[in-house]
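> one predicted model, sequence on top.
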Amino acid sequence: MTTVGEILSAAREKKKLTIEQVEKATRIRAKFLLALEKNDFSKLPPGTFVRGFVKNYAAFLGLPVEETLAFYRRQFNEEKTPAPKIPSRFHFPQITFTALIVGLLLFLFFGYLIYSYFKFAGAPTLLINSPTNNIVTKDEQTEIVGKTDPEAILTINGQTVSLTENGSFDIKIPLQSGLNTLTITATNKFKRQTTVTRNLRLEK
C-alpha cells in the first residue's frame with residue numbers, strides 16, 4: 001500500500017527540494033517533515049496538526065490535496081488510534097505557575113505584616129548581660145550591661161537611661177547594704193513594655 005510519506009517524499013525529490021527548503025517555505029519544522037515522509041507518527045503532534053501538515057506540504061508540492069489527505073486517513077485512523085503527542089519536558093501549566101507566584105507574593109506580604117507587627121507593635125526586646133540575678137557582692141556599685149530596641153525608652157528603677165545608636169547600654173548603679181532590687185524596663189512607642197528584674201545583695 002502506498003503511504004502518504006512515500007507520496008510526499010517522492011514529490012519532493014522529483015522537484016529536487018531539500019527538507020530545509022521545504023521547511024522555510026511551509027514553516028513546518030524539518031523534524032516533522034521527515035517524520036511525515038517516514039510515516040513515523042509517534043514523532044508528530046496530535047492528528048489535527050498532522051492533517052494541517054499534510055495539507056500544506058501537499059499544496060506546496062503541487063499534489064492534489066484531498067487525494068493526499070485520503071491516503072493519510074486510510075493509513076492512519078485518527079479516531080481509533082490518535083497519534084501520540086511529542087514528549088516534552090516537564091512544565092507547570094501557565095495558570096498553576098501564576099497561582100504559585102501570586103501565592104508566594106501574598107505569603108511574603110502577610111509575613112512582612114506579621115513581622116512588622118511583632119517588631120513594632122509587640123513588646124521590645126531586652127537583653128541583660130550583666131549582672132546575673134540573685135548574686136552576693138561586696139562592691140558598692142554594679143555595672144548593668146545590656147541591649148534593647150534602639151527606639152525604646154529604657155528605665156532602671158524609674159530613671160531613664162541613655163542608649164547608643166544600636167540600643168546598647170552600660171551604666172553603673174550604686175548599691176545599698178542588704179538586698180537591692182533593680183527593675184529594668186524597656187518601653188516602645190506603642191507603650192508595650194518588657195521588664196527584667198535583678199536582685200543583688202551587698203554584704204560589707
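Structure received. Numbering: from 1, shown residues only.

> contacts and neighbour counts: CA atoms only from here.
OK.

> the protein: strands as residue ranges?
Applying DSSP state E to the chain gives strands spanning 126-130, 135-137, 141-148, 153-156, 159-161, 168-174, 178-187, 193-202.

> out of the ones you listed, nearest to Leu61?
Across the strands of the chain, Leu61 has its closest neighbour in strand 141-148 (82.9 Å, Cα to Cα).

> just the strands of the chain: most buried one?
Among these, ranked by average contacts under mean count of other Cα atoms under 10 Å, first place goes to strand 153-156 (a mean of 20).

> pLDDT (mean, whole number) over it?
Across strand 153-156, pLDDT averages out at 95.

> what of stretch 138-146?
On average, stretch 138-146 scores 94.

> outside of that stretch itself, list whatever touches it.
126-131, 168-176, 202-204 (Cα atoms under 8 Å, 6 or more residues apart in numbering).

> put the alpha carbons of that stretch into PDB.
Extracted in PDB, the C-alpha atoms of stretch 138-146 (Å, rounded to 0.1, in the frame of the first residue of the first chain):
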ATOM      1  CA  LYS A 138      30.900  43.300  98.300                       C
ATOM      2  CA  ASP A 139      31.200  46.000  95.600                       C
ATOM      3  CA  GLU A 140      29.200  49.100  96.500                       C
ATOM      4  CA  GLN A 141      28.100  49.600  92.900                       C
ATOM      5  CA  THR A 142      27.200  47.300  90.000                       C
ATOM      6  CA  GLU A 143      27.500  47.600  86.300                       C
ATOM      7  CA  ILE A 144      24.400  47.000  84.200                       C
ATOM      8  CA  VAL A 145      25.200  46.000  80.600                       C
ATOM      9  CA  GLY A 146      22.600  45.000  78.000                       C
END
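
> that one: how far from the chain's middle?
Distance, stretch centre to chain centre, for stretch 138-146: 50 Å (Cα atoms, centre = their mean, to the nearest Å).
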